[in-house]
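Engineer: Provided below are the primary sequence and the corresponding predicted coordinates.
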Amino acid sequence: MSQEAIRSVPLFASLPPEEIARLAQSLRPVELKENSILMREGMLDPRYYILLEGEVEIIKAMGQPDERVLAVRQAPSFIGEMSLFSDDGKHTASVRSLTELQLLELGRDDLDGLLRRQPDLAYQMLRTMSKRLDESENLTIRDLRRKNRELMQAYAELEAAQEQIVEKEKLERSLEVAREIQMSILPRSYPLVAGYDFGATMVPMAAVGGDFYDFINLGENTLGIAVGDVTDHGVPAALLMALTVTLLRAESRREASPRDVLLSINRHMLEMDETGMFVTLLYGILDCQSGEFTYARAGHEIPILFDAHGNTVDLERQKGQPVGLFSAPLFDEQQLKIPSGGMLFLYSDGATDACDDHDSRYGLGKLQAALHGYRKEKAKTICESVWQSLVAHRGKALQQDDVTLLAVKAE
């Protein structure tokens with residue numbers, strides 16, 4: 001082994017030539033591949049190494065969750081000296097190669113003999129160890145500071161997450177209250193009119209929505225019936241829904257015809273609402289003696305009428321524009337008669353537009369088929385059954401719009 005290679009190691013640089021020559025004769029060359037383990041922490045191994053070529057890392061708790069790299073050593077360097085000063089002679093850390101290594105192996109007896117002949121070398125080793133311990137301690141301090149920063153950051157993120165949870169809970173509670181208020185705006189019960197059965201279901205897409213329905217007692221065997229759908233969803237739609245219902249109840253008792261009611265609502269909305277939102281609305285007056293239903297349709301879905309045998313009755317239609325958009329909107333004004341044993345069904349487009357996860361719409365055909373199948377049930381049951389049919393069609397797909405269903409059966 002080259003004496004120059006041994007002398008290149010700082011620890012041995014001051015040794016006299018005869019000691020260098022002795023080491024050159026006793027040291028055994030060793031080669032090691034990349035990512036190999038040279039020493040293992042806690043093992044008793046009376047061998048030490050002079051690193052001539054390559055790079056290694058010194059590791060504590062290797063393979064454990066708290067594994068930490070204490071240092072990276074490059075050639076030329078002496079490796080394994082810490083075990084000389086441990087009580088049991090075991091290695092205090094593991095050593096893993098980062099590159100291919102060229103080493104010289106030195107046995108315990110050889111090192112002990114060298115230290116007895118050259119006691120000054122022990123001081124050199126102590127200085128080297130002291131320096132390495134300082135480096136390790138500084139690394140530990142830096143590591144602790146880094147972990148402390150990470151801990152403080154995690155704590156701050158946890159605090160922020162907790163605040164978000166609290167705010168989310170407050171928002172959810174606020175929306176729950178808003179939903180309760182919105183549902184309280186809808187009729188609390190169905191009209192009790194001889195010869196008729198009424199039912200309705202409204203299911204918002206979110207906690208609150210923009211759909212609504214209403215039954216308004218107008219006296220003298222007449223009943224106002226309405227279904228509406230505010231554009232957009234959520235809280236803004238719910239607020240406009242509440243405004244529309246309030247206007248509808250006030251104007252329906254003031255104006256004589258459904259058309260005039262819608263015109264009055266439209267005028268008020270244009271004066272008060274600057275958001276650009278609008279409402280599709282169908283409002284009609286049912287003569288409970290004759291079964292005639294006179295209505296005005298403002299851009300809303302066309303009613304479905306069934307005769308006593310469950311057949312759909314074709315209805316006339318004209319152009320109808322939503323309220324809240326135009327100063328002089330066009331309304332579809334029609335009159336129909338609910339035949340004895342027949343049914344009138346009003347709904348919002350959230351029903352027919354319901355899609356499954358393949359974007360297949362529920363559609364008017366499926367809605368009419370479902371109504372035909374449930375036509376002998378009570379009006380409330382019909383609405384609930386149609387809703388369940390919609391849910392079954394939708395499958396795993398999310399509800400994309402508010403849904404309102406209203407049935408009037410002539411018994």
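Structural biologist: Done, it's in.

Engineer: C-alpha from now on. contacts and neighbour counts both.
Structural biologist: Will do.

Engineer: quick one: the helices in the stretch 151-300 of the chain?
Structural biologist: Here the stretch 151-300 of the chain has its helices, by DSSP state H, counting those that start in this stretch, at 234-252, 258-272.

Engineer: of all those helices, which lies closest to Thr222?
Structural biologist: Thr222 sits nearest to helix 234-252 of all the helices of the stretch 151-300 of the chain, at 11.5 Å, using CA to CA.

Engineer: what residues does the closest one touch?
Structural biologist: Here helix 234-252 makes contact (CA atoms under 8 Å, 6 or more residues apart in numbering) with 182, 185, 205-212, 214, 216, 218, 224, 229-231, 258, 261-262, 264-265, 268.

Engineer: what does stretch 287-302 give?
Structural biologist: 193, 221-223, 228-229, 258-259, 262, 280-286, 317, 319-323, 330-339, 346-349, 410.

Engineer: Please settle this for me: is Thr148 part of a helix?
Structural biologist: Rather than Thr, residue 148 is Asn. Yes - assessed with DSSP: H, G, I helix; E, B strand; the rest coil, Asn148 lies in a helix.

Engineer: Output the lowest mean pLDDT helix or strand found in this structure.
Structural biologist: helix 120-185 (a mean of 73; mean pLDDT, DSSP states H and E).

Engineer: Tell me where the chain is predicted with low confidence.
Structural biologist: For the chain, the stretches with pLDDT under 70 are 1-2, 82-89, 126, 129-130, 133-140, 170-182, 207, 273-274.

Engineer: quick one on the thing from earlier: okay, the helices of the stretch 151-300 of the chain in CSV with distance to Ala379 next?
Structural biologist: Formatted as CSV, the helices of the stretch 151-300 of the chain follow (distance: least, CA to CA, whole Å):
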stretch, distance to Ala379
helix 234-252, 23
helix 258-272, 24
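
Engineer: Could you export those helices as a markdown table, including mean neighbour count and distance to Asn311?
Structural biologist: Formatted as a markdown table, the helices of the stretch 151-300 of the chain follow (neighbours: other CA atoms under 10 Å; distance: least, CA to CA, whole Å):
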| stretch | mean neighbour count | distance to Asn311 |
| --- | --- | --- |
| helix 234-252 | 19 | 32 |
| helix 258-272 | 19 | 27 |
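
Engineer: Apart from its chain neighbours, what residue comes closest to Asp197?
Structural biologist: Lys409 (5.1 Å; CA to CA, 6 or more residues apart in numbering).

Engineer: Go ahead and confirm the one you found touches Ala379.
Structural biologist: Yes - in this structure, Lys409 is within contact of Ala379 by CA atoms under 8 Å, at 6.4 Å.

Engineer: end to end, how far does stretch 58-70 reach?
Structural biologist: Start-to-end span of stretch 58-70 (CA to CA, to the nearest Å) is 5 Å.

Engineer: Which positions in that stretch come out as buried?
Structural biologist: The neighbour-count check on stretch 58-70 (16 or more other CA atoms under 10 Å) flags Ile58, Ile59, Lys60, Ala61, Met62, Arg68, Val69, Leu70 as buried.

Engineer: List the ones among those residues that fall in strands.
Structural biologist: Among the buried residues of stretch 58-70, the members found in strands (DSSP state E) are Ile58, Ile59, Lys60, Arg68, Val69, Leu70.

Engineer: Determine which two of those residues are furthest apart.
Structural biologist: Within those, two members stand farthest from each other by CA to CA: Ile58 and Arg68, at 8.7 Å.

Engineer: export the buried residues of stretch 58-70 to a markdown table and tack on distance to Leu104?
Structural biologist: Below are those laid out as a markdown table (distance: CA to CA, whole Å):
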| residue | distance to Leu104 |
| --- | --- |
| Ile58 | 18 |
| Ile59 | 21 |
| Lys60 | 23 |
| Ala61 | 26 |
| Met62 | 24 |
| Arg68 | 26 |
| Val69 | 23 |
| Leu70 | 23 |
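
Engineer: just to revisit the earlier point, give me the PyMOL select line for the contacts of helix 234-252, limited to the buried ones.
Structural biologist: Command for PyMOL that selects the buried part of those, burial taken from 16+ other CA under 10 Å:
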select buried, resi 182+185+205+206+207+208+209+210+211+212+214+216+224+229+230+231+258+261+262+264+265+268
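
Engineer: Stretch 200-212: end-to-end distance?
Structural biologist: Start and end residues of stretch 200-212 are separated by 10 Å (CA to CA).

Engineer: cool, stretch 189-197 as well?
Structural biologist: Using CA to CA, one end of stretch 189-197 lies 12 Å from the other.

Engineer: Give the buried residues for that stretch.
Structural biologist: Residues Tyr196, Asp197 are the ones in stretch 189-197 that count as buried (16+ other CA under 10 Å).

Engineer: With stretch 22-33 instead?
Structural biologist: Buried residues in stretch 22-33 (16+ other CA under 10 Å): Leu23, Ala24, Leu27, Leu32.

Engineer: same thing with stretch 381-394?
Structural biologist: Going by neighbour count (16+ other CA under 10 Å), the buried part of stretch 381-394 is Thr381, Ile382, Cys383, Glu384, Ser385, Val386, Trp387, Leu390, Val391, His393, Arg394.

Engineer: follow-up on the earlier one: list residues touching both of Lys409 and Ala379?
Structural biologist: Common neighbours of Lys409 and Ala379 (criterion: CA under 8 Å, 6+ apart): Asp197, Phe198.

Engineer: related to what we said a few turns ago, which ones among the buried residues of stretch 381-394 are found in helices?
Structural biologist: Within the buried residues of stretch 381-394, residues falling in helices by DSSP state H are Thr381, Ile382, Cys383, Glu384, Ser385, Val386, Trp387, Leu390, Val391, His393, Arg394.

Engineer: ok, the residue lying closest to the second one once chain neighbours are set aside to Met343 distance?
Structural biologist: With CA to CA, 6+ apart as the measure, Tyr374 is the residue that lies nearest to Ile382, at 5.7 Å, once sequence neighbours are left out. Separation of Tyr374 from Met343 (CA to CA): 11 Å.
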